[in-house]
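Q: Predicted coordinates and the sequence they were generated for:
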Amino acid sequence: MLKAGQTDTSSTAMVNPLFTCFGSANEGLPLNPRDAFYYETKPDSYGFTPNPYGFGYRDLGLGTFLRSGFGSGPSPNESWRQYAPTVDGQMQVTSLRDVALTPQCPTTEAPGPYFQKELFHNGYLKSLKRVVHFYNTRDKYAYPVTSGHCPAGTVEKVNCWPTPEVPNNIDMTSGNLGLTDEEENQIVAFLQTLSDGFTKPYLNRDTFTGSCMTGGSAATQGNESLIPTPSLPPCSSTICGVAPVPGPKPISESLSVQDTSMLANFTSIRIIRRPMIELARDNLTIVRWTTNTPGGSQMHYGIVHYGTDPHHLMETAKSPIRLNPNHSSAVFRVRLDNLKPETTYYYSVGSLEAAGKTDGVKSLISRFTTP
Ligand code: HEM
């Protein structure tokens with residue numbers, strides 16, 4: 001309480017929103033071969049070798065942290081280690097506050113001399129437009145290649161997305177949104193409003209006053225400076241082999257430790273759009289279905305039990321999605337990797353809360369044949 005004659009000289013707490021869900025997810029970003037880290041394989045003048053594994057390095061993100069793995073400080077709690085396989089590849093959801101605050105040239109993807117915006121953890125994406133296009137088409141244009149090796153007739157980051165750096169735990173909330181080019185632009189315009197000073201710009205601080213390079217365009221998205229990824233050695237055992245390595249675990253044990261936000265509980269969950277095959281390629285199959293929004297944790301898993309014998313669905317695939325509590329329905333999408341070609345599979349779907357509790361939904365058995 002201020003007394004008479006006293007003045008409050010404290011500052012107001014900074015309460016501007018951060019525009020992040022504070023969670024972590026693996027968005028399935030390809031490895032970026034331009035990342036200098038892959039080449040830092042020799043000791044520097046102090047004898048320090050940043051990355052002795054070269055292209056055998058994979059960024060397991062939260063999984064590495066829980067294992068106290070290569071490049072990470074010690075995990076503060078050893079009992080978290082068991083959860084590492086359920087979070088391999090997950091990166092912290094970046095704050096989108098000020099995500100557009102970079103001097104932009106008309107050719108936003110041109111190489112230098114101004115500061116080139118690099119988005120996502122490894123800088124593979126160079127503009128907001130490309131980020132939104134990635135969320136929109138990652139699965140539609142998925143190819144089993146590394147960066148720099150998209151098939152002839154396709155353009156990388158436009159209608160070819162190389163394979164994810166870490167194939168586990170890929171978030172399936174997005175990946176095939178069906179947005180038009182104009183709708184993508186509208187989301188970019190929205191992202192630009194998340195900037196401090198959007199209504200009252202900083203004095204000249206964000207205005208690029210140099211000369212813009214030519215050479216890149218929004219259509220080619222910086223592909224002028226792409227370099228081919230060398231043929232990748234397997235992930236070094238020092239990184240991917242640190243126990244507990246990814247491996248089959250009973251679903252009920254595969255808890256997610258990161259989501260405590262809960263939605264209101266609905267009493268009956270039902271499938272309102274039956275399971276269908278969204279995509280069937282030689283390397284990737286995606287099963288999609290819709291339910292009314294389940295209650296419980298915001299983080300959910302779609303589960304597909306599948307196999308070649310309809311009486312024994314021996315295999316299980318599960319993919320995380322993040323529910324939107326403002327929507328009355330939830331679209332579940334699950335990835336099935338590397339199925340056998342020209343083979344008929346049977347499958348049934350269901351869903352789980354983050355802590356492994358079932359939503360109590362199970363579909364009838366359907367079937368499909370791979371190409
Ligand atoms: C269409 C909807 C979405 C938009 C427009 C969007 C936008 C963005 C943008 C612009 C960034 C880059 C920030 C930066 O590098 O500075 C980002 C990063 C990220 N977003 Fe989203 N996001 C969307 C949906 C989601 C969803 C559904 C999830 C997960 C459930 C998610 C998880 C993440 C993660 C983990 C990162 C960091 C990725 C990394 O560093 O590799 N996003 N998002």
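A: It's in. Numbering: from 1, shown residues only.
Q: So which bits of this structure are right by the ligand?
A: Contact residues, the chain versus the ligand (C-beta under 6 Å from any ligand atom): 25, 27, 29, 91, 93-94, 96, 99, 119-121, 128, 131-132, 135, 171, 173-174, 187, 191, 322. All C-beta atoms are positioned from the backbone trio N, CA, C, and that covers glycine.
Q: what about burial for these, which qualify?
A: Among the residues of the chain next to the ligand, those buried by neighbour count (16 or more other C-beta atoms under 10 Å) are 25, 27, 29, 91, 93, 96, 99, 119-121, 128, 131-132, 135, 171, 173-174, 187, 191, 322.
Q: Next step: these restricted to helices.
A: Among those, the residues falling in helices (DSSP state H) are 128, 131-132, 135, 187, 191.
Q: so which of those residues comes closest to P275?
A: Y135 (22.8 Å; C-beta to C-beta).
Q: Quick check: that closest one touching D171?
A: No - at 9.9 Å, Y135 does not count as touching D171 under the criterion of C-beta atoms under 8 Å.
Q: anything in contact with each of those two?
A: Both Y135 and D171 are contacted by E27, under the criterion C-beta atoms under 8 Å, 6 or more residues apart in numbering.
Q: Point me to the residue of the stretch 201-350 of the chain nearest the ligand.
A: At 3.9 Å from the ligand, R322 is the closest residue in the stretch 201-350 of the chain, using C-beta to the nearest ligand atom.
Q: bridging residues for that residue?
A: Beta-bridge partners for R322, by DSSP bridges, are M299.
Q: dump the residue contacts of it.
A: Here R322 is in contact with 21, 23, 25, 171, 173, 298-300 (criterion: C-beta under 8 Å, 6+ apart).
Q: just G61 next, same as before
A: With contact taken as C-beta under 8 Å, 6+ apart, G61 is in contact with 24, 26, 87-92, 121, 166.
Q: What backbone torsions are found at it?
A: The phi/psi pair for G61 (degrees, to the nearest 10) reads phi 50, psi -120.
Q: Also L62?
A: With angles defined as degrees, to the nearest 10, L62 sits at phi -60, psi -30.
Q: and it, how many residues sit next to it?
A: 25 (other C-beta atoms under 10 Å).
Q: What of L352?
A: Neighbour count for L352, taken as other C-beta under 10 Å: 25.
Q: show me the contacts for it.
A: With C-beta under 8 Å, 6+ apart, L352 has these contacts: 251, 300-301, 303, 318, 358-359.
Q: The same query, at a cut-off of 7 Å, please.
A: Contact analysis of L352 by C-beta atoms under 7 Å, 6 or more residues apart in numbering lists 251, 300-301, 303, 358-359.
Q: for P33, same thing?
A: If a contact means C-beta under 7 Å, 6+ apart, then P33 has 147-148, 227, 229 as its contacts.
Q: Tell me which of those has the lowest pLDDT.
A: By pLDDT, I227 ranks lowest within these, coming in at 88.
Q: wait, isn't it in contact with H149?
A: No - here I227 lies out of contact with H149, judged by C-beta atoms under 7 Å, at a distance of 10.9 Å.
Q: more crowded one of those two?
A: Using other C-beta under 10 Å as the criterion, I227 and H149 rank with H149 on top: 16 against 10.
Q: Now tabulate the contacts of L352 in CSV and tack on neighbour count and secondary structure.
A: Putting these into CSV (neighbours: other C-beta atoms under 10 Å; DSSP: H, G, I helix; E, B strand; the rest coil) gives the following:
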residue, neighbour count, secondary structure
I251, 16, helix
H300, 26, strand
Y301, 26, strand
I303, 22, strand
T358, 16, strand
D359, 22, strand
